[in-house]
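[1] Quick one: sequence plus predicted model below, questions after.
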Protein chains: 2
Amino acid sequence: MVRASAARTSRQEQVEQRRAELLEAAKQVVLERGLSHTRVADVAAATKVSGGLIHYHFATKDVLLTEMLRAEAERDIAKARRLATGTGTSLQRLDRVMREFVPSSRNDQTWVLWIDAWGAGLRDETLRTISEELDTAWTTMLLTVVQDGVASGEFETADPRGVADRLSSLLDGLGLRVTLQRPGVTRKQMHEHARVAAELELGLAPGSLAAASAS
Amino acid sequence: MVRASAARTSRQEQVEQRRAELLEAAKQVVLERGLSHTRVADVAAATKVSGGLIHYHFATKDVLLTEMLRAEAERDIAKARRLATGTGTSLQRLDRVMREFVPSSRNDQTWVLWIDAWGAGLRDETLRTISEELDTAWTTMLLTVVQDGVASGEFETADPRGVADRLSSLLDGLGLRVTLQRPGVTRKQMHEHARVAAELELGLAPGSLAAASAS
DNA sequence: GCCGACTGACTGAATATTCAGTAAGAATCC
DNA sequence: GGATTCTTACTGAATATTCAGTCAGTCGGC
């Protein structure tokens, strides 16, 4: 009895694990081929599993992809929440947040995924909502940091909400350019642009944010 | 002789017109269904023409869609150029440019098309180049206006290039939000955000730009 | 009567979804 | 604790559909 119920991995856990495995494979395929060119056969092959199994766990391809994006969004949202409640001065936290926004490479998984999702969201209510929640989480997080900085006297602005909206919009525009490898917008420049804009918005002396990251 | 050579529309002109008609239909279909879900049969139906004719004028569907985007980009680029060389004070021109950027509705054709194209550009070199040219044109146009304003003493900045990059990135991020109907970012607010950011970047008194548009 | 624009039926490939069948394990009974 | 039914994750092949692209032939103007 005891042994049976204490099996290392219960049936349910195994299913959970398999689903997670399929979602992860789906993500990899989508990163390579794009949302619209992803085939369920690709996901099956990537997992070394039969095509039928995909449909055993996910009713349709759409469900698979949607759940993958939802899971991904949740992970990113959790990350944003963690950043919002980090330690250090507001200046340091703001710097950390902005660094987190910069694509880690031209192939940054997160950015590629969400740029794809923006397009799909134009016609799919569900996807639009998912990417919206992610967007909201990041903007809210920025807002928190800005508000904290204003409260502590580090930042100066009459419209924290507006600042957060502008900074997160700017970061999206910059991240897009970096990911699409637009000339003249490297990762380094993106960070620099974000720094300058934040300093202007928050009444900081030029270089304050650069100094924050050094410390 | 005279009659023949002066035919209202020459053979070549008719072909040109039909191609334009097909490109326009393709655009409409893409706006409705998205780049990846557009079928050549849809374009044929929209033009009340046989499926075969599409392939008579365009070798493949990809060619059709790519040419459609190229034509669209060229039109937009021409518009940007026109704005760059407009009349009025730099303040007025800047205001005009920013207004032009704001989606005319949640379904603004240009924005929907290019958000879709960003995603496709992640994996298609040609499409990436096309949207890059458009992007460059708008940024360059902004740069021109900023530089003119600096020269005339209306604006003050040490880095016109940086200002142009930041403003156009911000506008992309904002346009995206408006088009995806993100809560809290209406067309009006987008314009307001752009105004505030431009004033901060260019050392203008709050409201200068609002005043410019009123005049 | 030739040529170029056009039609529309057709092909073939790609691919999502279904489904009958298998086997390993869990639950139940004795 | 062994035999038995039952459940369920999974396979692989069949099926059904969707579409891009082709091609033989029509039609109208020059």
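    Nice, I can see it. Numbering: from 1, shown residues only, chains lettered A, B, ... in the order given.
[2] closest point of chain A to DNA strand D, which residue?
    residue A:52 (2.2 Å; CB to the nearest atom of the strand). Quick note: C-beta positions are derived from backbone N, CA and C, even for glycine.
[3] Quick check: which element contains that residue?
    According to DSSP states H and E, residue A:52 maps onto helix A:51-57.
[4] swap in residue A:162?
    Assigned by DSSP H and E, residue A:162 falls in helix A:160-179.
[5] Contacts (any at all) between chain B and the longest helix anywhere in chain A?
    Using DSSP state H, we find that the single longest helix of chain A is helix A:125-151. Yes - using CB under 8 Å from any CB of the partner chain, helix A:125-151 comes into contact with chain B via A:128, A:131, A:132, A:135, A:136.
[6] Now do the buried residues in that helix.
    Residues A:127-128, A:130-132, A:134-150 are the ones in helix A:125-151 that count as buried (16 or more other CB atoms under 10 Å in any protein chain shown).
[7] who in chain A is up against DNA strand C?
    Residues of chain A found near DNA strand C (CB under 7 Å from any atom of the strand) are A:4, A:7, A:11, A:37-41, A:51-52, A:54-56, A:59-62.
[8] got any ranges where chain A has weak pLDDT?
    Chain A contains residues with pLDDT under 70 at A:1-11, A:213-215.
[9] middle-most residue in it, spatially?
    In chain A, the C-alpha nearest the mean C-alpha coordinate belongs to residue A:76, at 4.3 Å (CA atoms, centre = their mean).
[10] Leaving out the residues flanking it, which one is nearest to that residue?
    residue A:134 (5.5 Å; CB to CB, 6 or more residues apart in numbering or on different chains).
[11] show me what contacts that neighbour?
    Counting by CB atoms under 8 Å, 6 or more residues apart in numbering or on different chains, residue A:134 touches A:73, A:76, A:77, A:80, A:114.
[12] quick one on the thing from earlier: show me what the helix holding residue A:52 is packed up against.
    Here helix A:51-57 touches helix A:11-33, helix A:40-47, going by 3 or more CB pairs under 8 Å, 6 or more residues apart in numbering or on different chains; DSSP states H and E.
[13] In that helix, which residues are buried?
    A:54, A:57.
[14] could I get that helix in CSV with only the CA atoms?
    In CSV, the C-alpha atoms belonging to helix A:51-57 read as follows (Å, rounded to 0.1, in the frame of the first residue of the first chain):
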residue,chain,number,x,y,z
GLY,A,51,2.1,11.9,-34.2
GLY,A,52,-0.9,10.4,-32.6
LEU,A,53,0.4,11.1,-29.1
ILE,A,54,0.3,14.8,-29.7
HIS,A,55,-3.4,14.6,-30.2
TYR,A,56,-3.8,12.3,-27.3
HIS,A,57,-2.6,15.0,-25.0
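[15] Return the angle between stretch directions for the next helix or strand after it and helix A:11-33.
    Next in sequence after helix A:51-57, counting helices and strands by DSSP H and E, comes helix A:61-84. Angle, helix A:61-84 to helix A:11-33, by axes from the mean of the first three to the mean of the last three CA atoms, to 10 degrees: 90 degrees.
[16] what angle sits between helix A:61-84 and helix A:40-47?
    Going by the same axes, to 10 degrees, helix A:61-84 makes 60 degrees with helix A:40-47.
[17] Now do helix A:61-84: everything it contacts.
    A:22-23, A:26-27, A:30, A:35, A:38, A:40, A:43, A:54, A:58, A:93, A:96-97, A:100, A:110, A:113, A:117, A:126-127, A:130-131, A:133-134, A:137-138, A:140-141, A:144-145.
[18] which parts of chain A sit against DNA strand D?
    A:11, A:14, A:15, A:18, A:49, A:50, A:51, A:52, A:53, A:56, A:57.
[19] Perfect, that will be all.
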